[in-house]
Each structure stands twice: as C-alpha cells, then as structure tokens.
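Okay, structure incoming, though there's no sequence with it:
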Ligand code: ARG
C-alpha cells in the first residue's frame, strides 16, 4: 500500500476523475490509514511504499504489478501521468526479494489481473488500459492459464472495478461491465458467482479485498455487503469517499503479495 499524501485530481484519465471537484487530501490520508489498520487488524502484514511528489495516483498501488507464486509481472502504465510509478514499484519488489519480470506490453497490474487460487487461474481484463497481448505475456511469465475478459463500460475501466475474487473458488462480478461473449465465459467457469448489480458496481462494491471470509469493501456499497453476507461472507466496510474521486477504492489501494 502507498499512503495518499500527494493524492489529488489534477488530470482526468477515467470517467470518475473530475478536476473541478475538490479533494480533501488530509481526509484521504485518514481514510486510507483506517483501511491499513483494518487489514492489519484482520491479521495481514502490510508493507508501505513511500509516496513520491508529483504522482497523485500512486495510492492505487494495485496497479504496480501482478504477483503469483513469488513472481511479479511488472506494470506498464497506459497513460504518461502514471509511468513514473513503474520504477517505484519495481524498486520495492526487487528490494523485498520478489522475482520481478518487467513487461513489454501495456498492463496495469492488479487493476486488470486477478488470481483465483483454487483452479490457479488468472482472470485478465482488457478494453481500456491493459492490452490483450499482456495477458499472454502474463501467462508466459507466471505459468498459469489466463482468461481474457473484455470490458465494455468506461465507468468500469479496470477489471477490479467489475470483478473480485472472494475465496479459493468463488468470484463476484457485475455482468453489465463485460462483453456478451466474456459474460458467457464467466458463466461457464464460475456458475456459482455472486452477481452484483449496477448500483453495487457504481458504489465500487466489487473493488474489494477478501481473505476468503472477511471482505473489506467501501462503506457506500451497502447492497453488495448484504449480498456478501447472504453468501456466507463477513463484510467489513471502510469509508473511502475521497479516493473515489480518483476512480478507485479498497482493492485499488492494495497490491496483494502471493508467495
Ligand atoms: N486514477 C487512477 C487511474 O485512473 C485510478 C486507478 C484505480 N486503480 C484500480 N486498481 N482500479 O489510473
């Protein structure tokens, strides 16, 4: 995770970012700190990346790489405003002893890559940021089969705004974010998925972090919390209203480290 000390919205690269809407950076830091404490309270170890001046989106640490079995497939950002984040993530991963493999294809790490541990599957989004060629590259680097899913709604420009891994085998997703064919693929591979509706997705209810039991999600996503509780999970709401102005929430803030 990386604290939002320099978070603000000075450019717009997704449908959520409006440079005319003021951001309370101090509040963003407080809310982020609560998220960090929540994860630590659930027993997770959290490493913190030092934020750099001039990189307002660095708080969205999930975009800096995609890690499976101790290997990290590095990010290559779509927009120049975020390119300088790549080196910071690479330095962190290499310094912490991960096997870091730089990418030659555009991809935004866990923004567009998810890992389902049970079947050992990579789910990979494309359409707005990550290119489909990066899915093949990730499969080659990580040695796990990758399933490409096409995103078709600009409000859900990263896979992690439309789909989440809840447990070893179960996922949740918002059907409206995917092309008809990709939706058929999801239905075939995950017949027992938790399906979210548009309201859930707009509240960033799919931008969550789950340990298989506790699901940390934005407080605003009350409908999603109810669905998750009905499916046997324990929702853990956190307030992240400021970061939403940048187009991200819980999951975007957390790059998961998989040994
Ligand atoms: N402002 C950031 C961008 O548009 C938000 C990234 C959100 N991160 C995520 N994993 N969805 O790049």
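Done, it's in. Not measured: the values here are computed from a predicted model.

now residue 151, which residues is it bridged with?
Applying DSSP bridges to residue 151 yields these beta-bridge partners: residue 178.

The stretch 1-150 of the chain against the ligand: which residues are in contact?
With Cβ under 6 Å from any ligand atom as the criterion, the stretch 1-150 of the chain meets the ligand at residues 13-14, 17, 57, 60, 62-63, 82, 111. All C-beta spots, glycine's among them, are computed from the backbone N, C-alpha and C.

before we move on, what about the stretch 151-259 of the chain?
Near the ligand, when you scan the stretch 151-259 of the chain using Cβ under 6 Å from any ligand atom, you find 158, 160-161, 246-248, 252.

Between all of those residues, which two are separated the most?
160 and 246 (13.7 Å; Cβ to Cβ).

follow-up on the earlier one: make TSV from the residues of the stretch 1-150 of the chain next to the ligand and add pLDDT to it.
Shown next, in TSV, are these (pLDDT from 0 to 100):
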residue	pLDDT
13	97
14	97
17	97
57	98
60	98
62	98
63	98
82	98
111	98
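
and those residues as CSV, adding secondary structure and neighbour count?
Below are those laid out as CSV (DSSP: H, G, I helix; E, B strand; the rest coil; neighbours: other Cβ atoms under 10 Å):
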residue, secondary structure, neighbour count
13, coil, 19
14, coil, 18
17, coil, 17
57, coil, 28
60, coil, 30
62, helix, 27
63, helix, 29
82, helix, 21
111, helix, 29
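
Tally up the residues packed near residue 208, please.
27 (other Cβ atoms under 10 Å).

next helix or strand past the lengthiest helix in the chain?
Identified as the longest helix of the chain according to DSSP state H is helix 25-41. Where DSSP states H and E defines the elements, the next helix or strand beyond helix 25-41 is strand 65-68.

Please say which of residue 160 and residue 246 ends up with more neighbours.
Set residue 160 next to residue 246 and count neighbours by other Cβ under 10 Å: residue 160 wins out with 31 against 23.

pretty sure that one contacts residue 253?
No - using Cβ atoms under 8 Å, residue 160 makes no contact with residue 253, being 10.6 Å away.

joint contacts of the two?
residue 62 (Cβ atoms under 8 Å, 6 or more residues apart in numbering).

Now do the contacts for residue 94.
Residue 94 makes contacts with residue 100, as judged by Cβ under 8 Å, 6+ apart.

Kindly recompute the last result at 10 Å.
Counting by Cβ atoms under 10 Å, 6 or more residues apart in numbering, residue 94 touches 72, 74, 100.

In helices, which of those residues appear?
Among the contacts of residue 94, no member lies in helices (by DSSP H).

Turn these into TSV, columns for neighbour count, pLDDT and distance to residue 35.
Output for the contacts of residue 94, formatted as TSV (neighbours: other Cβ atoms under 10 Å; pLDDT from 0 to 100; distance: Cβ to Cβ, whole Å):
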residue	neighbour count	pLDDT	distance to residue 35
72	28	98	22
74	22	98	25
100	19	98	25
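
and which of these is nearest to residue 125?
In terms of Cβ to Cβ, no member of the contacts of residue 94 lies closer to residue 125 than residue 74, at 17.3 Å.

nearest residue to the closest one other than its sequence neighbours?
Using Cβ to Cβ, 6 or more residues apart in numbering and skipping residues adjacent in sequence, the residue nearest residue 74 is residue 102, 4.5 Å away.
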